[in-house]
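>>> got a predicted model here, sequence first, then my questions.
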Protein chains: 2
Amino acid sequence: MTVTIIGTGLIGCSLANRLKETGFAKKVIGVDNNLQNLQTALALGWIDETLDLDSAIKQSEVIVIAIPVDATMELLPGLLGKLDKQVLMDVGSTKEIICGSVKNHVKRGRFVATHPMWGTEKDGPESVVKDAFRGRVAVICEKDNTDADALELVEDIYKTIGMQLVYMESGVHDVHAAYVSHISHIASYALSLTVLEKEKEEDAIFELASGGFESTVRLAKSNPAMWVPIFKQNKENVLDVLNEHIVQLRKIKSCLEKDNFIYLQELIENANKIKRILK
Amino acid sequence: MTVTIIGTGLIGCSLANRLKETGFAKKVIGVDNNLQNLQTALALGWIDETLDLDSAIKQSEVIVIAIPVDATMELLPGLLGKLDKQVLMDVGSTKEIICGSVKNHVKRGRFVATHPMWGTEKDGPESVVKDAFRGRVAVICEKDNTDADALELVEDIYKTIGMQLVYMESGVHDVHAAYVSHISHIASYALSLTVLEKEKEEDAIFELASGGFESTVRLAKSNPAMWVPIFKQNKENVLDVLNEHIVQLRKIKSCLEKDNFIYLQELIENANKIKRILK
């Protein structure tokens, strides 16, 4: 099968690599406005050739959109209109606005809205992770709006690369994504800003930073070109969970201010309950 | 050399293991009120024998306090009074109050106040990490109050297990520890509370949680018996940095509320600067 990947960044190239490794794709065509990424992806062997979008579509059975969610929105309706029997899927971190943008599109059935829950704080084709995606969940949204053959093909892709499938309405996806992914990024960005603001003398951070700090602040390295559009598209859900996060921090702050270490202990014991869920 | 480890938890046993592996300690004696930890540490071979504190002191050249910082405070002055020529060191995450508690002690010179910047979210002797501490920084505080031979011996220990030494006044240590360690734990606890509050339906977290969420919330599994006393002893510094953290989160919140995505982009670009410091 020939697959076109639009966007030869971390996600697009990691997926291309897995599709080739598993034999699902015989050929992967890369399409990207970023010529440097495109050349790197070709040089590293993640893609087999580069083409303009229209030529790539004609040669492919599957087209994957792996670009920031704002660019996805701009591209999607027009791209969908160009399809014949091909299957089009996206891999973006927001789903409601994206699904909404093609809700009444005549070719809606050829589009599968997905979100494979995998990524790192890095970007670009040089950051590809071997064996990416395996063991994680891939969310498929609004499956009833998708043609049966298109859905089945995308399900096959995710199963082939070792992902578990979960089906959700797009609005429900966006609520959960705010809780388990988007707020983590905001917390990490804010933690980085906090420490950079406080530690003017950067050597001290470098010397003292322990593994705990590194893991908490890791996501703060994530690219704003990807994340600003996500926060924009999922604004209401992100604000809702961010407000709750500030409430929780203020509770901890109040414990410290009032020397209420009994309640602080209780809060931490409650926070520990995450152990039951994440091993 | 014979070393006594008071507190056979993660840090004490990981250190015991390294000291034995490197040949620095011929024998490690474990002392602990927690008999279960003591038996596990013995069974796993982290310690060679268990003794009561007074007998252990008599047989040892070095005594390491590896218990929560509140218990360290209670134990330290009396323990110091029992020493002859032995060297006593602690490994606690706060330093100013601990150093203050023995400031005018007649045996002050035998005590070396240290903080090896390593740990995990786990605890207990069953969580020992092989090759722990290597490549991390060990802070030694108030070295001018320590006898030359005691300081040298502790420096040898940390060098032997592959740590880099940094010297600081205890107050300066506590400020930096609040920035690069304590606030990470608070942020992670609060994130866990936020998500547990929002995601009543815990299956959704379990299914969707990505690697990013896991790394940001990892520290929220940390034991309150260790962390409440740290926050208590370093309250002023922790409050200072927690206030700054809430300020940064409110800036991000305000960007979202006002649709000011230009400024949000700028904040994230600033947060990205942590890349320069942490590879």
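Looks like it came in fine. Numbering: from 1, shown residues only, chains lettered A, B, ... in the order given.
>>> would you tell me which helix is longest in chain A?
helix A:235-257 (DSSP state H).
>>> give me the contact status of that one with chain B.
Yes - judged by Cβ under 8 Å from any Cβ of the partner chain, helix A:235-257 comes into contact with chain B through A:235, A:238-253, A:256-257. Placement of C-beta: from N, CA and C, glycine included.
>>> can I have the buried ones of these as a ChimeraX selection?
Buried residues among the residues of helix A:235-257 next to chain B (16 or more other Cβ atoms under 10 Å in any protein chain shown), as a ChimeraX selection:
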select /A:235,238,239,240,241,242,244,245,246,248,249,252,253,256
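>>> who in the stretch 1-150 of chain A is up against chain B?
Counting by Cβ under 8 Å from any Cβ, the stretch 1-150 of chain A comes close to chain B at A:117, A:118, A:119, A:120, A:121, A:136, A:137, A:139.
>>> show me which of those residues is closest to chain B.
Top of the list for closeness to chain B, among those and by Cβ to the nearest Cβ, is residue A:117 at 4.4 Å.
>>> look at the residue lying closest to the closest one once chain neighbours are set aside and report its pLDDT.
The spatially closest residue to residue A:117, leaving aside those adjacent along the chain, is residue B:210, at 4.4 Å (Cβ to Cβ, 6 or more residues apart in numbering or on different chains). With respect to pLDDT, residue B:210 has a value of 70.
>>> residue B:210 and residue B:110, how far apart?
50 Å (Cβ to Cβ, to the nearest Å).
>>> same thing with residue A:157?
Using Cβ to Cβ, residue A:157 is found at 66 Å from residue B:110.
>>> which one of those two is surrounded by more residues?
Neighbour count, other Cβ atoms under 10 Å in any protein chain shown: between residue A:157 and residue B:110, residue A:157 has more, with 27 against 22.
>>> pretty sure that one is touching residue A:25, no?
No - taking contacts as Cβ atoms under 8 Å, residue A:157 lies outside contact range of residue A:25: 9.1 Å.
>>> where do the contact lists of these two overlap?
A:19, A:62 (Cβ atoms under 8 Å, 6 or more residues apart in numbering or on different chains).
>>> alpha carbons of stretch A:193-201, as CSV, please.
The C-alpha trace of stretch A:193-201 is given here as CSV (Å, rounded to 0.1, in the frame of the first residue of the first chain):
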residue,chain,number,x,y,z
LEU,A,193,8.9,29.8,33.7
THR,A,194,8.8,29.8,37.5
VAL,A,195,12.2,28.3,37.8
LEU,A,196,13.8,30.5,35.1
GLU,A,197,12.3,33.5,36.7
LYS,A,198,13.6,32.6,40.1
GLU,A,199,16.9,31.1,39.2
LYS,A,200,18.5,34.0,37.4
GLU,A,201,21.8,32.2,38.0
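>>> next, the closest residue to residue A:106 other than its chain neighbours: phi, psi?
Nearest in space to residue A:106, with sequence neighbours left out and distances taken as Cβ to Cβ, 6+ apart, is residue A:81 at 7.6 Å. Here is the backbone geometry of residue A:81 (degrees, to the nearest 10): phi -60, psi -20.
>>> neighbours around residue A:81, how many?
Neighbour tally, residue A:81, other Cβ under 10 Å: 11.
>>> check residue A:273 too.
14.
>>> so how far is residue B:229 from it?
Taking Cβ to Cβ, one finds residue A:273 at 21 Å from residue B:229.
>>> in space, what's closest to residue A:31 - neighbours in sequence excluded?
Nearest to residue A:31 is residue A:6, by Cβ to Cβ, 6+ apart, at 4.7 Å.
>>> measure the one you found to chain B for me?
22 Å (Cβ to the nearest Cβ, to the nearest Å).
>>> likewise for residue A:57?
Using Cβ to the nearest Cβ, residue A:57 is found at 30 Å from chain B.
>>> how far does the helix or strand containing that residue sit from its chain's centre?
Using DSSP states H and E, residue A:57 maps to helix A:53-59. For helix A:53-59, the gap between its own C-alpha mean and the chain's C-alpha mean amounts to 25 Å (Cα atoms, centre = their mean, to the nearest Å).
>>> pull out the buried residues from it.
Across helix A:53-59, burial judged by 16+ other Cβ under 10 Å covers A:53, A:56, A:57.
>>> now render these as a markdown table, adding pLDDT.
A markdown table is the format used below for those (pLDDT from 0 to 100):
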| residue | pLDDT |
| --- | --- |
| A:53 | 98 |
| A:56 | 98 |
| A:57 | 98 |
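>>> how about the residue nearest in space to the middle of chain A, nearest residue that isn't a chain neighbour?
Against the mean C-alpha coordinate of chain A, by Cα atoms, centre = their mean, the closest residue is residue A:93 at 4.4 Å. Distances taken as Cβ to Cβ, 6+ apart place residue A:230 nearest to residue A:93, at 4.8 Å, with adjacent residues excluded.
>>> ranges for the helices of the stretch 51-200 of chain A?
Taking DSSP state H, counting those that start in this stretch to define them, one finds helices in the stretch 51-200 of chain A at A:53-59, A:69-81, A:96-101, A:148-160, A:170-177, A:183-198.
>>> got a list of what the residue nearest to residue A:117 touches?
By Cβ under 8 Å, 6+ apart, the residues touching residue B:210 are A:117, A:118, A:119, A:136, A:180, A:181.
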